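Asks: A predicted structure for the sequence below; I have some questions about it.
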Amino acid sequence: MRIFLRTALIFTAITCTAANAQQSPSARMLEEKEIVERDISVMLAPIRSKATLQEYLATHQKNSPFAALSPGAKRRFVQSLRFSEKGLSGYEYGDLQHELTVTQIYKLLSLFGVETSASAIPGLKAKSKSDELILLRGKLNQTTLRMATDYPGYICGGKASCVKDERAICIGANC
């Protein structure tokens with residue numbers, strides 16, 4: 001059903017040029033491409049719920065992106081995670097910001113299929129080529145559709161309801 005709806009949205013975006021004359025069809029197609037890529041990432045993510053998170057943590061202790069966090073930071077980050085029926089809908093980024101590189105954050109968030117939200121974390125600095133590319137991707141995607149946007153300074157408070165939280169990011173597509 002969701003794939004059918006996504007296909008209908010893509011068709012509408014491509015064919016309905018009069019509805020948004022400010023945006024070219026190619027720009028709309030790029031936006032839809034980003035949304036489809038995000039949906040694929042979430043669908044294929046190993047962690048999509050609290051239950052799969054607990055299972056993952058129990059079986060992947062050493063060779064996991066979580067291993068880069070100190071024990072306290074890992075505990076706080078895990079406690080901050082919010083899930084909806086679509087997957088990870090929000091998280092607090094403070095410990096990630098202080099302890100990890102951009103690339104490490106990206107790898108950690110990829111476990112949830114929301115790796116693109118790494119570039120939404122304020123104040124991150126590139127220390128490697130991969131860091132630079134991840135942050136550049138975020139800048140290039142700042143014009144995506146509202147449903148593909150991540151909201152720094154908010155946390156998912158319920159279906160389609162981001163709530164103010166200065167230390168968090170609401171994953172718009174999953175909230």
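Replies: Sure thing, it's come through. These figures come from a predicted structure and were not determined experimentally.

Asks: so which residues of this protein form helices?
Replies: Here the chain has its helices, by DSSP state H, at 2-15, 25-44, 50-59, 71-80, 94-99, 102-110, 129-140.

Asks: now tell me what touches the shortest one from outside.
Replies: This means helix 94-99. Residues from elsewhere that reach helix 94-99 (Cβ atoms under 8 Å, 6 or more residues apart in numbering): 68-70, 72-74, 76-77, 105, 108, 121-124, 167. From N, CA and C alone the C-beta is placed, and that goes for glycine too.

Asks: pull out the buried positions in that helix.
Replies: Asp95, Leu96, Glu99 (16 or more other Cβ atoms under 10 Å).

Asks: just checking the distance from it to the centre of its chain.
Replies: Put simply, helix 94-99 sits 16 Å off its chain's centre (Cα atoms, centre = their mean, to the nearest Å).

Asks: same question, the fourth one
Replies: In terms of Cα atoms, centre = their mean, the centre of helix 71-80 is found 18 Å from the chain centre.

Asks: what's it packed up against?
Replies: In this structure, helix 71-80 makes packing contacts with strand 87-92, helix 94-99, judged by 3 or more Cβ pairs under 8 Å, 6 or more residues apart in numbering; DSSP states H and E.

Asks: can I get the ones you listed in CSV including distance to Gly153?
Replies: Formatted as CSV, the helices and strands packed on helix 71-80 follow (distance: least, Cβ to Cβ, whole Å):
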stretch, distance to Gly153
strand 87-92, 11
helix 94-99, 12
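
Asks: in JSON lines, list those along with mean pLDDT and distance to Cys175.
Replies: Shown next, in JSON lines, are the helices and strands packed on helix 71-80 (pLDDT from 0 to 100; distance: least, Cβ to Cβ, whole Å):
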{"stretch": "strand 87-92", "mean pLDDT": "95", "distance to Cys175": "5"}
{"stretch": "helix 94-99", "mean pLDDT": "96", "distance to Cys175": "19"}
